[in-house]
Every structure is written in C-alpha cells, then in structure tokens.
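1. sequence plus the predicted model coming up.
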Amino acid sequence: MIIKSSDYALSAVKDAQYPKDDYPEVALAGRSNVGKSSLINAFLKRKNLARTSGQPGKTQTLNFYLVNKSFYLVDVPGYGYAKVSQRQREQFGQMIQDYLETRANLTGLIILVDARHDPSTDDVAMCDYAQYLDLPILVVCTKMDKLKKSQASQVAQRVHNALHIRNDNVTLMTFSAVSKLHLTDLENWIEARVSR
C-alpha cells in the first residue's frame, strides 16, 4: 500500500463526534504501552503522527487518523491501565463498546498483544469480544525485535492458543515497528479491509 497522505483528523468520545464522511475505518485496540502508536507511525511512514508515551493510559479518546483521504485508522484507549480510576475505566470501556458495536464504517479490528508476555486476561476478553462481534480481526504480536530467535519462533502458536482463536476471520502475525518485520503483511491486511 502506498501512503500518499496521513493526518490526525479528530478525537471523539461519542457517536455525534465521529467523522461524517463515510470512509471505512480500521480500529486498533490493545493494552496500554503495547505499541499502538509505534505501529501506526510505522504503517504511515511518519515519525510522530501518533504520539508515543512512556506513560500508559495517555490515549483517553478515540483518535481518528485520515489516510490517503480515503479511510481512517482509529486508535482506541488502551486497556489495563492501572493509574486511572475504576469509574474512568468503565467510561473508557463503554466508549469502546459503543464504537465497536454501532459503527457501520468499521471494517476491521487490529488487536495488539506484547510478544514478550503471555496475553493478559484483558487481551483474551478483547479477542473473545471481537470474535463475538464477528469483525475481521488481525492479532498483531508486537515488539518482536526484543525477543531472542529461540523465543520468537514460538510466539505465534503461544498467542494463538492463549487467545482461544476459533473464527476463520482472525489472522495472526508477528510484528516489529523497529525492524519493520511483516510491515508489508500489515499493509496488505489493512488495504483489503478498506478497499471498495
């Protein structure tokens, strides 16, 4: 996929604030600090369009990035953040649920998991939930550059088993924003979801 343009478009917390132009959307979900911003920047060939932060839980809105003036990448708040209140966590959860369940423009969901660790209970719950919604899902195992080769070879099977992947519409890949491992595969998956 050739990226001709990419821009931050808007942030939203409810339906009335979502874009009105009817472009397809691919959402990205994952634990705080899993590498969503790094993946977005690698995909868009931009350094700092999506802000990376050492402080988990920074993203507290749905952030829409307009790509090639034809589709959106949507960065949803990270889950598993310890430093926000239970009430805030519930609000984030409701915002994400409302978006995923009601947004007609949503054509795919990318779930990021940290390849260095077993998927968390939150990761399993998100994958179960996404499979229930019957969305096309791409599970991306991030930070592969931080693993030894002997560890890397086992990641895909370990994550596949832990996430109870059972639907045919779920694809799993390993990825590194640093080495660009499987970046082309990521581009192809997104392109297939947003082409009309």
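-> Thanks, I have the structure now.
2. and the next helix or strand past the lowest-mean-pLDDT helix or strand in the chain?
-> The weakest-scoring helix or strand in the chain, judged by mean pLDDT, DSSP states H and E, is helix 86-102 (a mean of 82). Downstream of helix 86-102, the first helix or strand assigned by DSSP states H and E is strand 106-114.
3. would you map the helices across this structure?
-> For the chain, the helices defined by DSSP state H occupy 36-44, 86-102, 121-133, 149-162, 183-194.
4. between the first one and helix 183-194, how many degrees?
-> It stands for helix 36-44. If you take axes from the mean of the first three to the mean of the last three CA atoms, to 10 degrees, helix 36-44 sits at 90 degrees to helix 183-194.
5. restricting to C-alpha, output helix 36-44 in PDB.
-> Output of helix 36-44 as PDB, limited to C-alpha atoms (Å, rounded to 0.1, in the frame of the first residue of the first chain):
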ATOM      1  CA  LYS A  36      -0.200   1.000  19.000                       C
ATOM      2  CA  SER A  37       1.400   4.500  18.300                       C
ATOM      3  CA  SER A  38       4.600   2.900  17.100                       C
ATOM      4  CA  LEU A  39       2.600   0.600  14.700                       C
ATOM      5  CA  ILE A  40       0.500   3.500  13.400                       C
ATOM      6  CA  ASN A  41       3.700   5.600  12.800                       C
ATOM      7  CA  ALA A  42       5.400   2.600  11.100                       C
ATOM      8  CA  PHE A  43       2.400   1.900   8.900                       C
ATOM      9  CA  LEU A  44       2.000   5.600   7.900                       C
END
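6. name the surrounding residues that touch it.
-> Helix 36-44 is contacted by residues 3, 6, 28, 30, 47-53, 59, 65, 67, 73, 75, 78, 110, 112, 140, 142, 175, 177, 180, 183, 186-187, 190 when judged by CB atoms under 8 Å, 6 or more residues apart in numbering. C-beta: built from backbone N, CA, C; applies to glycine.
7. ok, now stretch 170-181?
-> Outside stretch 170-181, the residues that touch it by CB under 8 Å, 6+ apart are 35, 38-39, 41-42, 115, 127, 131, 137-145, 152, 155-156, 159-160, 165, 182-183, 185-186, 189.
8. ends of that stretch, what's the gap?
-> Using CA to CA, to the nearest Å, one end of stretch 170-181 lies 19 Å from the other.
9. going forward can the numbers begin at 37, since that is how I track them
-> Sure thing, new numbering starts at 37, so read that last one as stretch 206-217.
10. and it, how far out from the chain's middle?
-> Put simply, stretch 206-217 sits 12 Å off its chain's centre (CA atoms, centre = their mean, to the nearest Å).
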